[in-house]
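*Asks:* pasted the sequence and its predicted model underneath.
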Amino acid sequence: MSCIFCRIAAGEIPSQKVYEDERVFAFRDINPVAPVHILIVPKTHIPGADAVSSENSSLVARIFEVIPKIAATEGLSRGYRVVTNVGEDGGQTVMHLHFHLIGGRKLDIMA
């Protein structure tokens, strides 16, 4: 297994785990852009949002069920942002579907 996020979710690479269940793993970003910056990944390898299909879309649904729970635990009652990047031109640096949960301060409007 060479995907870094697969290895993190499997516990092979240390991380600051925030949440885990049988299908989803969440951990703190090592280069945060805000006071709260958490990555949420499916434990099953999906290369990116452009690879979501009817066979694996339930994993995305599960992630979006988990996000509000993590946000509440992190005290993000005033709001937060959820972002995913797709492909190199979209800023995706790890080719494993992941969502950034960003908050803890007032965020700028994105262009």
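*Replies:* It's in.
*Asks:* whichever strand in the chain runs longest pairs with which strands?
*Replies:* Secondary structure of the chain read by DSSP state E shows that its longest strand is strand 36-42. Here strand 36-42 has these sheet partners by DSSP bridges: strand 24-28 (antiparallel), strand 99-103 (antiparallel).
*Asks:* buried sites along the first one?
*Replies:* So that's strand 24-28. Val24, Phe25, Ala26, Phe27 (16 or more other CB atoms under 10 Å). Backbone N, C-alpha and C define where each C-beta goes, glycine included.
*Asks:* one more: the last one?
*Replies:* Neighbour-count burial for strand 99-103, with 16+ other CB under 10 Å as criterion, is recorded at Phe99, His100, Leu101, Ile102, Gly103.
*Asks:* list of residues touching it?
*Replies:* Strand 99-103 is contacted from outside by 26, 29, 33-41, 63, 67, 70-71, 74, 76, 78-84, using CB atoms under 8 Å, 6 or more residues apart in numbering.
*Asks:* could you dump the biggest helix by length in the chain to PDB, C-alpha only?
*Replies:* For the chain, the longest helix by residue count, based on DSSP state H, is helix 57-73. What follows is helix 57-73 as a C-alpha-only set of coordinates in PDB (Å, rounded to 0.1, in the frame of the first residue of the first chain):
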ATOM      1  CA  SER A  57     -20.900   7.100  -3.100                       C
ATOM      2  CA  SER A  58     -22.200   5.800   0.200                       C
ATOM      3  CA  LEU A  59     -18.700   6.500   1.600                       C
ATOM      4  CA  VAL A  60     -19.100  10.200   0.600                       C
ATOM      5  CA  ALA A  61     -22.500  10.300   2.200                       C
ATOM      6  CA  ARG A  62     -21.000   8.800   5.400                       C
ATOM      7  CA  ILE A  63     -18.300  11.400   5.400                       C
ATOM      8  CA  PHE A  64     -20.900  14.100   5.200                       C
ATOM      9  CA  GLU A  65     -22.800  12.500   8.100                       C
ATOM     10  CA  VAL A  66     -19.500  12.700  10.200                       C
ATOM     11  CA  ILE A  67     -18.500  16.200   9.300                       C
ATOM     12  CA  PRO A  68     -21.100  18.000  11.500                       C
ATOM     13  CA  LYS A  69     -20.200  15.700  14.400                       C
ATOM     14  CA  ILE A  70     -16.500  16.600  14.100                       C
ATOM     15  CA  ALA A  71     -17.300  20.300  13.700                       C
ATOM     16  CA  ALA A  72     -19.400  20.300  16.800                       C
ATOM     17  CA  THR A  73     -16.600  18.500  18.800                       C
END
